[in-house]
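J.: Got a sequence here, can you model it:
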Amino acid sequence: MRRRPSDLVARLRDHVSLLKEYRDRAPTDARFYGEVAAKLRILVCRFGSNVPLLTDLLAHYDYPAWIHTGQHTLTLPEYLNSPAVQRLKPLGTMPDGRATGFESNHISKVNFIRAWAEQAGAAHEDWEIESWLDTLFELRERKITDGHSSTLIGIADDVLALATRFLDSDYHDTWID
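T.: Below is the predicted model:
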């Protein structure tokens, strides 16, 4: 049986509430970063059989899904496909161990969320882990802060702002299921 959109809006409220709680707790309890990533995955990541709740409700109600980043205003898909982090890969090493150069590539926000949620989130723990995530977790265990955690919190803040605008609007109240 297909769920009614109004029921899904109620579920969205629950997920958004939990995302906010996890987001607020993560900086003082690192165990919650995986929970933040898992909630973001549920809300905005489309892949395989995963249907992103927020993304699809915004489309169903024809809600203008804009993310305001301070410098730019992007559609939700543009935002999710924009770079989250830059990954540098050494091209080679000199005898003293220094890199001869680096190859740079970016990890999109959607892939950043997915990797974190799927490899160390609430859904499950993968048996393998991306090297950049392994480094992140090792640093966190030694109580060294890093930019990846703040990147995840920034993405959560942006998604929370969009979800809150939608839930506070009357878009979903004016449609018939």
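
J.: Tell me if I'm right that residue 82 and residue 76 touch.
T.: No: using C-beta atoms under 8 Å, residue 82 is not in contact with residue 76; the gap is 10.8 Å. In this view, the C-beta of every residue, glycine as well, is placed from N, C-alpha and C.

J.: Would you mind identifying the next helix or strand past the lowest-mean-pLDDT helix or strand in the chain?
T.: Sorting the helices and strands of the chain by mean pLDDT, DSSP states H and E puts helix 131-141 at the bottom, at a mean of 60. Proceeding N to C from helix 131-141, the next assigned helix or strand is helix 147-168, under DSSP states H and E.

J.: For residue 19, give me its contacts.
T.: 36, 39, 40, 43, 156, 159, 160, 163 (C-beta atoms under 8 Å, 6 or more residues apart in numbering).

J.: Give me the three-state assignment for it.
T.: The three-state label given to residue 19 by DSSP: H, G, I helix; E, B strand; the rest coil is helix.

J.: Report pLDDT for the residue nearest to the spatial centre of the chain.
T.: With distances taken as C-alpha atoms, centre = their mean, residue 113 lies nearest the centre of the chain, 3.9 Å away. As predicted, residue 113 sits at a pLDDT of 91.
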